[in-house]
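Enquirer: Kindly generate the corresponding structure for this input.
(2 chains)
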2 protein chains.
Amino acid sequence: MRDVAIIGVGIKKCGELWEQSMRDIFVDSALGAIQDAGVDHIDSMYIGSMSPGLFVGQEHIGPMMADYMGQCPIPATRVESACASGGTAVRAGLMDVASGMNDIVLVGGVEKMNDVSGDEATYALATAADQEWESFCGVTFPGLYAMMAVAHMAKFGTTSEQLAAVAVKNHANGSLNPVAQFPMKITVETVLNSVMVADPLHILDCSPITDGAAAAILCPAEMAKELGSKRPIKIIGSGQASDTIAYHSRPDLTTIASSAKAAAQAYKMSGKSPTDIQVCEVHDCFTIAEIMVSEALGFFDKGKGGAAVEAGETAIGGRFPINTSGGLKSKGHPVGATGVAQVVEIVEQLRGEGGKRQVEGARVGMTHNMGGTGASSVVHIMEGM
Amino acid sequence: MRDVAIIGVGIKKCGELWEQSMRDIFVDSALGAIQDAGVDHIDSMYIGSMSPGLFVGQEHIGPMMADYMGQCPIPATRVESACASGGTAVRAGLMDVASGMNDIVLVGGVEKMNDVSGDEATYALATAADQEWESFCGVTFPGLYAMMAVAHMAKFGTTSEQLAAVAVKNHANGSLNPVAQFPMKITVETVLNSVMVADPLHILDCSPITDGAAAAILCPAEMAKELGSKRPIKIIGSGQASDTIAYHSRPDLTTIASSAKAAAQAYKMSGKSPTDIQVCEVHDCFTIAEIMVSEALGFFDKGKGGAAVEAGETAIGGRFPINTSGGLKSKGHPVGATGVAQVVEIVEQLRGEGGKRQVEGARVGMTHNMGGTGASSVVHIMEGM
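Expert: Okay, the predicted model is just below:
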């Protein structure tokens, strides 16, 4: 298995991109990554996208994007695991390079979510849950994550203020990120006074509907040196795990088991442990998700995630800086692109290019990308070469 | 790069499966493959599916199928490249095993197409074309392939009778296949007298709407021996290529360039040439496709594919037996599953388990799976160990 490095990344401002089509926003980010890597071609590509069929009526986006990037006839494949699609694209690209099949591989993600109505977007997102036993009964994702929050509050005493603290921190980070969709700072009071979506989750506990794309260029670590790449970042650990598609099928409603298992694989492969992780992007689709995931990744004991964020331990400068980009909450959540956007942030941090968001001296970072209520999780650990 | 073998396959009867859900039909085939391989677990899985979001309102089918197979927490990812999704699943699994990331990997495909109306199915399938410049203007796949047929007829003198000969041969083969959706024999006259869908394509020039699934188990070739696998089949060549998403963007309307390029990669990797291929499954979504692809794969000179099928060269017993399974035309075309169903047929042929469809002495076989009008093609070459 060949060692694999990331030698280029690209991302554009997330938001409601009315003047750009899905192909425009992907090509923008992908060409940005190619330019950043300084390569003159790519050998293959993988695109994470959750539901371009439901969002814009277009499947088969692998070759379409290769076409619009001027990269035909390279192999181009879409991968999907709901909101973890971007993470699976990174992992597919990793295996492509590691296997020796291809050398310079683009991994990207895209979602154009605003071209449909809010109702249609909610329907499209609900196809990540169990269609027969959850969505059909009327429960959509805010409701599912509200159930998680209720369970976590009941078992561990997690509070609405602690949930709000996640949003406050992430907006503070996002205010320092030029690509963030919602870069305004907010307060705990703003969150608690915002409209209730699904008790106990207010609208400011929820990540937004976002148009966006992100991309990264992978190559063999040996080749990164030959290419004279500026600050290549090595992928030293990769993990992916599945869990029941329905939230109600899980034995413990306060644990995201797939995240813990994916992280365990990535820790084992890299030889790292939670205390080695200096900066981490986690999948905060709802504030409760960040708290539960920070426990699943081993940063905090079970039930202590809420207190940790409230105490500032996950802020920039804290013990475990989480979502320095602003996370899904503030940077935005173009679902299929999110897992790759997380990699962009960690690469920038490990290169020392985080600007005002920089975690000083960060050498080892992690991304955690999740689909549905945790039916899929993908974790990567990266290190500066 | 580790050598990879196929040690088990599974497929059930294709058709209008009103009494089974998408999850039922996939799990049936997947458990069949696991049983056929004689393994007690799998390490990861890839599922090809074109548009479960539009066909049954369910994305995120990787972990869902792992769940319903009782295989959580293994990594489970859906891959998509329209009607070539199954082929990309095989290729993703190949890289997973080749890279050393996992050992026993299930690759499968599924599509449940009959739960929506015919209009909705046509819309869903048209998302494989260029949504902005083809589908939006009202052209769907019968129209696009009719244009190919017209171009091929004008340039090379290909006839409606030659197109019909593809359907006649494939139905003859399908009549010998217990899993075929339409196993009845037909004649050239039946085809020419059937209703015109898009001139010159009659309804019997078109593959059907199909519910179906297929699966195969991959592992390192070395391990196949250790497992005492019965007749393992090695994947000796793999190729994938892209082309413009829109048919009108191509410089030559009578060539499927992505298929020629994917085949060239697979020939190079395997050290084989067209004359080494003793049995081949090709993507006959329309009769003209089989003719054009048989030229792209190098079996016949440009423009000679029609005459070849008419002369019986692609029949069982001919020089280049094509679609011994009955092909998409007679066996059925559950779009995301098709690429894996092709692998099932070739494995059965190379094992000598083809029954009345057996190509005597077949040791080397090929699969060709295509998306859209050839915006993506995936080719695999297999050989008995």
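
Enquirer: What helix or strand is the most centrally placed residue in chain A located in?
Expert: Residue closest to the average C-alpha location in chain A (C-alpha atoms, centre = their mean): residue A:339, at 3.2 Å. In the assignment (DSSP states H and E), residue A:339 maps to helix A:338-351.

Enquirer: Show me the strands in the stretch 201-350 of chain A, by range?
Expert: Ranges of strands in the stretch 201-350 of chain A, per DSSP state E, counting those that start in this stretch, are A:201-202, A:212-220, A:233-242, A:279-281.

Enquirer: Give me the nearest residue to residue A:9, chain neighbours excluded.
Expert: Nearest residue to residue A:9 in three dimensions, chain neighbours excluded: residue A:344, at 4.3 Å (C-beta to C-beta, 6 or more residues apart in numbering or on different chains). C-beta here means a position set from N, CA and C on the backbone, and glycine is covered the same way.

Enquirer: What pLDDT does the model give the one you found?
Expert: Turning to residue A:344, the model gives it a pLDDT of 98.

Enquirer: Now do the same contact list for it.
Expert: Residues near residue A:344 by C-beta atoms under 8 Å, 6 or more residues apart in numbering or on different chains: A:9-11, A:214, A:216.

Enquirer: Could you rank those by neighbour count and give me the top one?
Expert: For these, the largest number of neighbours (other C-beta atoms under 10 Å in any protein chain shown) sits with residue A:214, at 34 neighbours.

Enquirer: was I right about that residue contacting residue A:28?
Expert: No: judged on C-beta atoms under 8 Å, residue A:214 makes no contact with residue A:28 at a distance of 10.3 Å.

Enquirer: re earlier: mean neighbour count, the strands of the stretch 201-350 of chain A: which tops it?
Expert: Most buried of those, by mean neighbour count (mean count of other C-beta atoms under 10 Å in any protein chain shown): strand A:212-220, with a mean of 31.

Enquirer: picking that back up, could you check the angle strand A:233-242 makes with the helix holding residue A:339?
Expert: Interaxial angle, helix A:338-351 versus strand A:233-242 (axes from the mean of the first three to the mean of the last three C-alpha atoms, to 10 degrees): 150 degrees.

Enquirer: And helix A:338-351, what's buried?
Expert: Neighbour-count burial for helix A:338-351 flags A:338-351 (criterion: 16 or more other C-beta atoms under 10 Å in any protein chain shown).

Enquirer: Ok, stretch A:136-149 next?
Expert: A:139-149.

Enquirer: tell me, which of the residues you listed make contact with chain B?
Expert: When C-beta under 8 Å from any C-beta of the partner chain is taken as the criterion, no member of the buried residues of stretch A:136-149 contacts chain B.

Enquirer: and which of those residues is nearest chain B?
Expert: Chain B lies nearest to residue A:141 out of the buried residues of stretch A:136-149, by C-beta to the nearest C-beta, at 11.7 Å.

Enquirer: how about the nearest residue to that closest one, chain neighbours excluded?
Expert: Per C-beta to C-beta, 6+ apart, closest to residue A:141 is residue A:125, 5.8 Å.

Enquirer: Need the phi and psi values for the one you found.
Expert: Here is the backbone geometry of residue A:125 (degrees, to the nearest 10): phi -70, psi -30.

Enquirer: about what we covered before: tell me the first helix or strand C-terminal of the helix holding residue A:339.
Expert: Immediately after helix A:338-351, counting by DSSP H and E, sits strand A:364-371.

Enquirer: is any part of that following strand close to chain B?
Expert: Yes: judged by C-beta under 8 Å from any C-beta, strand A:364-371 and chain B are in contact via residue A:371.

Enquirer: how distant is that strand from the center of its chain?
Expert: 6 Å (C-alpha atoms, centre = their mean, to the nearest Å).

Enquirer: Mind listing the strands it pairs with, and their directions?
Expert: strand A:279-281 (parallel), strand A:376-384 (antiparallel) (DSSP bridges).

Enquirer: Nearest approach to residue B:229 belongs to which of those?
Expert: strand A:376-384 (29.7 Å; C-beta to C-beta).

Enquirer: wait, residue A:3 sits on residue A:221?
Expert: Yes: counting by C-beta under 8 Å, residue A:221 is a contact partner of residue A:3 at 3.8 Å.

Enquirer: joint contacts of those two?
Expert: Common contacts of residue A:3 and residue A:221 (C-beta under 8 Å, 6+ apart): residue A:234.

Enquirer: With neighbour numbers in mind, choose between those two.
Expert: residue A:221 (21 against 14).

Enquirer: what about the helices in the stretch 101-250 of chain A?
Expert: Using DSSP state H, counting those that start in this stretch, the helices of the stretch 101-250 of chain A run over residues A:118-126, A:141-156, A:160-174, A:188-193, A:221-226.

Enquirer: in which helix or strand would I find the closest residue to residue A:107 other than its chain neighbours?
Expert: Excluding the flanking residues, the one nearest residue A:107 by C-beta to C-beta, 6+ apart is residue A:93, at 3.8 Å. Assigned by DSSP H and E, residue A:93 belongs to helix A:85-99.

Enquirer: No more questions from me, cheers.
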